[in-house]
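Engineer: Generate coordinates for the sequence data below:
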Amino acid sequence: MSSRRTPGSEPGEQGVRPVARGGRPKDPEVHGKVLDAAAELLPELGYLELTIEKVAARAGVTRKTVYHRWANKAALVGDLLIAHAVVDHVPDLGDTRSELAILFRQILRDVRDDRGTLMSALWATIGEPAVLDRFRSEVLGPRRQFARAAVQRGVARGDLPADIDVDLLIDMWSGAVLFRTDVRADTFLASQADALVDLALCGSVPRLPSGTEASGAGAAHAGVPAAAWDAGMDGGGAGDGGGAEHGDGLDDAGPSGEGAADRP
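Structural biologist: Model (predicted):
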């Protein structure tokens, strides 16, 4: 997983120790050890096999220490996913195709982060609404705003239709990546990503109802608040380097072995 860095997130940067229930200060070093242990075990075991006991043992602390900070496994994993999520903007390069290509590769990066560990763990916490609400507001919401901005710059340049359904396009790209990589366990080729970007630039995009234009707010459907669409399970984030630092997950050659024969 890639560590998320936001202002004030570096250990000891503020010089203030978080306070636990009952007024006792938490030890930030212990907090970090527990998160690091969970980050190591999650890819090894998967969410279902992960337990507080195993995390505590790996971190070298007691179960009570972990439960003093997190109410349950879902809360712990939720904090981990949020702390390690990549939330960056798509750089304004002055070229719509280049920006959409970066956006697509970063959608793929976000969906396939750590071989799908993030997504599978996120879905496993679906029974904990508070965890999902935090992930939506702190990760998915900002990612979607940055993704919308990239598409809307293309609209402003005249490279994309004025009535493009921005959110539905991003959802379609995210869904295509998720289905192909997670459901089919197949490889998403760089040429396939480029083909979908080219389709969009040729005007093959979902459209808003007649008479409606994509607005700066990015609301996808007439009468539906943008905030309602922010709550959707979308990919999106993007990095200034086009995903190079974290890997874009794309292959230029076809896969070998299983999954290649049934390629459409």
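
Engineer: from memory residue 205 sits against residue 170, does it?
Structural biologist: No - with contact defined as CB atoms under 8 Å, residue 205 does not count as touching residue 170 (10.6 Å). Heads up, the C-betas are built off the backbone N, CA and C, glycines and all.

Engineer: okay, these two: which has more neighbours?
Structural biologist: residue 170 (26 against 18; other CB atoms under 10 Å).

Engineer: what helix or strand does the more buried one sit in?
Structural biologist: helix 166-178 (DSSP states H and E).

Engineer: Which positions in that helix come out as buried?
Structural biologist: The neighbour-count check on helix 166-178 (16 or more other CB atoms under 10 Å) flags 166, 167, 168, 169, 170, 171, 173, 174, 176, 177, 178 as buried.

Engineer: For the residue lying closest to the fifth one once chain neighbours are set aside, give its distance to residue 106.
Structural biologist: The shortest distance from residue 170 to any residue other than its chain neighbours is 5.1 Å, reached at residue 147 (CB to CB, 6 or more residues apart in numbering). Computed as CB to CB, to the nearest Å, the residue 147 to residue 106 distance reads 8 Å.

Engineer: Excluding sequence neighbours, find me the nearest residue to residue 101.
Structural biologist: Distances taken as CB to CB, 6+ apart place residue 197 nearest to residue 101, at 5.5 Å, with adjacent residues excluded.

Engineer: Could you pull up the residues touching the one you found?
Structural biologist: Contacts for residue 197 (CB atoms under 8 Å, 6 or more residues apart in numbering) come out as 97, 100, 101, 104.

Engineer: That one - that's part of a helix, no?
Structural biologist: Yes - per DSSP: H, G, I helix; E, B strand; the rest coil, residue 197 lies within a helix segment.

Engineer: Apart from its chain neighbours, what residue comes closest to residue 194?
Structural biologist: The nearest residue in space to residue 194 (CB to CB, 6+ apart) is residue 101, at 6.8 Å.

Engineer: quick check: mean pLDDT across the helix or strand encompassing that neighbour?
Structural biologist: Here residue 101, judged by DSSP H and E, is contained in helix 96-124. Averaged over helix 96-124, pLDDT sits at 79.

Engineer: same deal with stretch 34-50?
Structural biologist: Across stretch 34-50, the per-residue pLDDT values average to 91.

Engineer: For the residue nearest to residue 194, give its distance to residue 95.
Structural biologist: Look at residue 101 and residue 95: by CB to CB, they are 9 Å apart.

Engineer: So those two - more neighbours on which side?
Structural biologist: Remark: of residue 101 and residue 95, residue 101 carries more neighbours, 22 against 13, as counted by other CB under 10 Å.

Engineer: that older thread, the contacts of residue 197, buried ones only, as a PyMOL selection?
Structural biologist: To isolate the buried ones among these in PyMOL, judged by 16+ other CB under 10 Å, type:
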select buried, resi 100+101+104
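
Engineer: So which of the contacts of residue 197 is the closest to residue 49?
Structural biologist: Among these, residue 104 lies closest to residue 49 (CB to CB), at 32.7 Å.

Engineer: Which residue is the nearest non-sequential neighbour of that closest one?
Structural biologist: Leaving aside its sequence neighbours, residue 104 sits nearest to residue 193 (CB to CB, 6+ apart; 4.8 Å).

Engineer: residues in contact with that neighbour?
Structural biologist: Residue 193 is in contact with 101, 104, 105, 108, 250, counting by CB under 8 Å, 6+ apart.

Engineer: wait, which of those residues is closest to residue 43?
Structural biologist: Nearest to residue 43 out of these is residue 108 (CB to CB; 18.2 Å).

Engineer: State the number of residues packed around the closest one.
Structural biologist: Neighbour count for residue 108, taken as other CB under 10 Å: 26.

Engineer: What ranges does this protein have for its helices?
Structural biologist: 28-45, 52-59, 63-69, 73-84, 96-124, 129-135, 141-156, 166-178, 190-201, 226-230 (DSSP state H).

Engineer: Relative to residue 210, which of the ones you listed is closest?
Structural biologist: For residue 210, the closest of those is helix 166-178, at 15.4 Å, according to CB to CB.

Engineer: Specify the angle between that closest one and helix 141-156 in degrees.
Structural biologist: Calculated by axes from the mean of the first three to the mean of the last three CA atoms, to 10 degrees, helix 166-178 forms an angle of 120 degrees with helix 141-156.
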